[in-house]
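**Q** using only what follows, build the 3D model:
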Amino acid sequence: MTWVWVLIPLAAIIVGGITEIVKQQNKRADRLGQSNDELSQSLSTLRSQLDRMEENQEAYQRRLQNLEAIVTNQVWDIVHEPSQSAEEKRANIAGSGLLDSAAGYESESDARRAEQLAKRLR
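**A** Next comes the predicted model:
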């Protein structure tokens, strides 16, 4: 029965080791939980930024298409023809019937004016 006395300290050592392992696992789980929360928050922030960027990209794409329609129109060529005088350019533009006066555009944004002009020129 002397071997029973050996089991008591061994059991204490084993139980102490197991409790230390459990404490370490709990600490690791807490740290991972915090980092998961931070990653989740960062991911949601990045998603919202991406959504805003996609909206901006769509707006820029529409505006670019409008500006391309304006630039590729005949009126643009008339305005930028170096061989014509300013009076000839004005007469050609007025005669084209594509551009009216800019009345009523003062309060609108440049993007909206470009969109309306592009629609008229298409």
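**Q** got the residue ranges for the helices in this protein?
**A** 3-71, 74-79, 86-96, 110-121 (DSSP state H).
**Q** now stretch 15-33, how far from the centre of its chain.
**A** 41 Å (C-alpha atoms, centre = their mean, to the nearest Å).
**Q** let me see the mean pLDDT of it.
**A** Mean pLDDT, computed over stretch 15-33, is 87.
**Q** could the C-alpha coordinates of that stretch be exported in PDB?
**A** Provided in PDB are the C-alpha atoms of stretch 15-33 (Å, rounded to 0.1, in the frame of the first residue of the first chain):
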ATOM      1  CA  VAL A  15      -4.500  18.100 -12.200                       C
ATOM      2  CA  GLY A  16      -2.300  21.200 -11.900                       C
ATOM      3  CA  GLY A  17      -1.000  20.600 -15.500                       C
ATOM      4  CA  ILE A  18      -4.500  20.100 -16.900                       C
ATOM      5  CA  THR A  19      -5.700  23.300 -15.200                       C
ATOM      6  CA  GLU A  20      -2.800  25.300 -16.700                       C
ATOM      7  CA  ILE A  21      -3.600  23.900 -20.200                       C
ATOM      8  CA  VAL A  22      -7.300  24.800 -19.800                       C
ATOM      9  CA  LYS A  23      -6.400  28.400 -18.700                       C
ATOM     10  CA  GLN A  24      -4.100  28.800 -21.700                       C
ATOM     11  CA  GLN A  25      -6.800  27.600 -24.100                       C
ATOM     12  CA  ASN A  26      -9.300  30.000 -22.600                       C
ATOM     13  CA  LYS A  27      -6.900  32.900 -23.000                       C
ATOM     14  CA  ARG A  28      -6.200  31.900 -26.600                       C
ATOM     15  CA  ALA A  29      -9.900  31.700 -27.300                       C
ATOM     16  CA  ASP A  30     -10.500  35.100 -25.800                       C
ATOM     17  CA  ARG A  31      -7.700  36.700 -27.900                       C
ATOM     18  CA  LEU A  32      -9.100  35.000 -31.000                       C
ATOM     19  CA  GLY A  33     -12.600  36.200 -30.200                       C
END
